[in-house]
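> Okay, sequence plus prediction incoming.
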2 protein chains.
Amino acid sequence: MDSSFLLLPDAPAYARSRNPQFPANAADVSMHLRRYGARQRIFTAGDAARAIHEVAQGCVLVSRHLRDGRRQIIDIVGPGRLFGFALNHHSCTAEAIVASMVCSLDRDTAQASPAIAPRVHAAILRELDHMRDLAVILGRKSALERVATLLMALAGEETHRPVHLLLPISRTEMADYLGLTIETVSRSLSRMKQTGLISFRDAESIQVLNPDELRSIAQEALEDAA
Amino acid sequence: MDSSFLLLPDAPAYARSRNPQFPANAADVSMHLRRYGARQRIFTAGDAARAIHEVAQGCVLVSRHLRDGRRQIIDIVGPGRLFGFALNHHSCTAEAIVASMVCSLDRDTAQASPAIAPRVHAAILRELDHMRDLAVILGRKSALERVATLLMALAGEETHRPVHLLLPISRTEMADYLGLTIETVSRSLSRMKQTGLISFRDAESIQVLNPDELRSIAQEALEDAA
DNA sequence: CGGTACTTTGACCAAATTCAATCACTGTGG
DNA sequence: CCACAGTGATTGAATTTGGTCAAAGTACCG
C-alpha cells in the first residue's frame, strides 16, 4: 500500500488486477502522475473535463453537493480504477481521501489511442452500471441493507470465508455515500456486531464474520431473466 | 405525439431537437424499427447487450428489481433519447410504458460507424450524469424536493412562465423513480397544489404555475467552482 | 350501471433523523 | 509522563418524515 512512486505500467498486482489493461503503454501518450494530499481536490464541479484519471495509489472520492451543503458521494475510487468521465464540464468534485497518486491523461489523447479508447469506454460502462447499483441502494434499500451492501462491495464479490476489511472511509463518508446520517450508519454497524455478522474494535478495521448472511441482507439486485 | 410510423431520419421536430444527430443515416447501418405494446419488454436484466436503442415514439422505462419485488426506475426515456447501454449483459429491464416505436441498432455496427459512435459516446456520458443526478435525488432530497425535481425535469430547464405538463407516467412510476411510495408522491403533489405552485384536475395533466419557485424547491445541485 | 384501476386522503406506525451526551483515540503542551 | 483538548464514533431520547393500512373518491370501460 505504500510503495512510494510507481509508474503505471509497473503498477502493483492489486491495481493491475482491478483493471489489467490501463494504461496500455505509458510511453505513447501524454500522461502525468501527480501526488495529492489528503482532502486535496483533483477537480471541482464546473471545471472543464479535459482529462481522465486513474488512481495509482490511495483513494479518491467523487461527490456532488447541493447549495445548502448536503453532499452525495457518487463513487469511492481505489487503485486501478478510472474516474472523471464527463461530457463537457464536471458536475462532480473529486478529492483525495488520503495522500494519493493519481495518473491523469488528456481526454483527446486517450480517445485517439486505439489501445486506450476502448478501455476507457468499458470503464465508463462499468461506472454507469455502478451508478445504477447506487440508485437501487439509495432508492429502495433500508439502512441496514445499505450498510451491508457497502461492506460486501468492499469485501469483494466472491467471498464465503470471513474477511478482514480496512475501511478507506470514515463514518461520515459512509453516510454521505449511502444517503444516511453517521448515527444511522453507526447504529447499523453496531447491530451487525451484536448479531455476530461482523466484529470490530476500532472504527476502520472490520471483520466480516458471515459474508453469506451479510450478502443476503444486502439484497443484491437480480440479474436473471424473469 | 401520434404520427403513426416514422422512419428515424424523418423524426418529428420534438425528437430531433432532443438529439439532433442520431441516427445520422438510417441507410448505412443495420437497424430496425419495432413496435412495442404497453408493458411489453424491450430487454430484460440478464440479456446480452447486443444493441442500442432509440425511442422513436412513445416512452420507455428502464428499471432494476430486487428479489423481493422492490423496483427502482432508473430512467424514463422519451422520443429521441438512446437507452440500453451495457458492457456485456443488461442489469436493467426496459419496457414500453405505452405503445411505442423503438429503433434498435446493432452495437458493433454502431461502434464501427464513425458517424454514430461518437454520438453514442456522448449519449452514454449524458446518461452517466443523469444517473448522478438521480443519486443526489435519492440520497439527499426530501420527498417534496424529489417531486419538484421530477416536475422541473419534465418541464424542461429554461422555463420561467407557467407550463403545462402531460405526465408520461403514473403515480406508481413516479414513486418507483423517486424512491417513494405512491401515497407520498400524491401528498407532495397535493401540497404543491394547495400552496399554489401547481394545479391539476386529473392526475396526468399538471399545470406548473410557478416554475421558479418549484425550481428553487427542487434544489438543483451546484455546478460552479466553490 | 357496475366494476376495475388508479388516485387521494386520513389515521396510525416505524424507520431514520435530530439533538445531546458520552466514549475512545490522538496529539500537544506542561 | 500525564492531563487535556480535539476529533470522530457510539449510544440514548425525542422528534420528524415517510411508510403502511384502510377508506373514499374519480375516471374509464364494458
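That came through fine.

> For the longest helix seen in chain A, buried residues please.
The longest helix of chain A (DSSP state H) is helix A:117-140. Under the neighbour-count criterion of 16 or more other CB atoms under 10 Å in any protein chain shown, helix A:117-140 has A:119-125, A:127-140 buried. The C-beta positions use only the backbone N, C-alpha and C, and glycine is treated the same way.

> Can you narrow the residues you listed down to the ones near chain B?
A:121-122, A:124-125, A:127-129, A:131-136, A:138-140 (CB under 8 Å from any CB of the partner chain).

> mind listing the strands for chain A?
A:31-36, A:41-43, A:51-57, A:60-65, A:71-77, A:82-83, A:93-96, A:100-106, A:163-166, A:198-200, A:205-208 (DSSP state E).

> Tell me which of the ones you listed lies nearest to residue B:102.
Relative to residue B:102, the nearest member of the strands of chain A by CB to CB is strand A:71-77, separated by 29.6 Å.

> tell me what that closest one is packed against?
Helices and strands touching strand A:71-77, by 3 or more CB pairs under 8 Å, 6 or more residues apart in numbering or on different chains; DSSP states H and E, are strand A:60-65, helix A:117-140, helix A:171-178, helix B:117-140.

> State the mean pLDDT of that strand.
In this model, strand A:71-77 carries a mean pLDDT of 98.

> chain center to that strand: distance?
7 Å (CA atoms, centre = their mean, to the nearest Å).

> Just the C-alphas of it, formatted as CSV.
This file holds the C-alpha atoms of strand A:71-77, laid out as CSV (Å, rounded to 0.1, in the frame of the first residue of the first chain):
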residue,chain,number,x,y,z
ARG,A,71,-23.4,16.0,-0.1
GLN,A,72,-23.9,12.9,-2.0
ILE,A,73,-20.8,10.8,-2.6
ILE,A,74,-21.1,9.3,-6.0
ASP,A,75,-18.1,7.0,-6.1
ILE,A,76,-15.2,5.8,-3.9
VAL,A,77,-12.3,5.1,-6.3
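
> Okay, angle between it and strand A:51-57 too, please.
70 degrees (axes from the mean of the first three to the mean of the last three CA atoms, to 10 degrees).

> Return the set of buried residues in strand A:71-77.
Buried-residue list, strand A:71-77, by 16+ other CB under 10 Å: A:71, A:72, A:73, A:74, A:75, A:76, A:77.

> same check, this time on stretch A:80-99
A:80-86, A:89-98.

> Contact residues of chain A facing DNA strand D?
A:170-172, A:182-183, A:185-187, A:189-190, A:200, A:203-204 (CB under 7 Å from any atom of the strand).

> Narrow those residues to those that are buried.
Here, 16+ other CB under 10 Å leaves A:171, A:185, A:186, A:189, A:200 buried among the residues of chain A next to DNA strand D.

> so which of those would you say is closest to chain B?
Proximity to chain B was ranked across those by CB to the nearest CB; first place goes to residue A:185, at 13.0 Å.

> dump the residue contacts of that closest one.
A:143, A:147, A:171, A:174, A:175, A:178 (CB atoms under 8 Å, 6 or more residues apart in numbering or on different chains).

> Check what pLDDT the closest residue to residue A:126 other than its chain neighbours gets.
In space, and not counting its chain neighbours, residue A:126 is closest to residue B:87: 6.1 Å by CB to CB, 6 or more residues apart in numbering or on different chains. Note on residue B:87: pLDDT of 97.

> Same check on residue A:2?
32.

> filter the contacts of residue A:185 down to the ones close to chain B.
residue A:178.

> Same list (the contacts of residue A:185) but as a markdown table, adding pLDDT.
A markdown table is the format used below for these (pLDDT from 0 to 100):
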| residue | pLDDT |
| --- | --- |
| A:143 | 98 |
| A:147 | 98 |
| A:171 | 98 |
| A:174 | 98 |
| A:175 | 98 |
| A:178 | 98 |
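
> hmm, which two among the contacts of residue A:185 are most spread apart?
So, the contacts of residue A:185 by CB to CB: farthest apart are A:143 and A:171, at 12.9 Å.

> Residue A:113 - how many residues pack around it?
The tally of other residues near residue A:113 (other CB atoms under 10 Å in any protein chain shown) stands at 18.

> So in chain A, where's the weakest helix or strand by average pLDDT?
Every helix and strand in chain A was compared by mean pLDDT, DSSP states H and E; the lowest is helix A:13-18, with a mean of 39.

> measure residue A:32 to residue B:40 for me?
As for residue A:32, its distance to residue B:40 is 51 Å (criterion: CB to CB, to the nearest Å).
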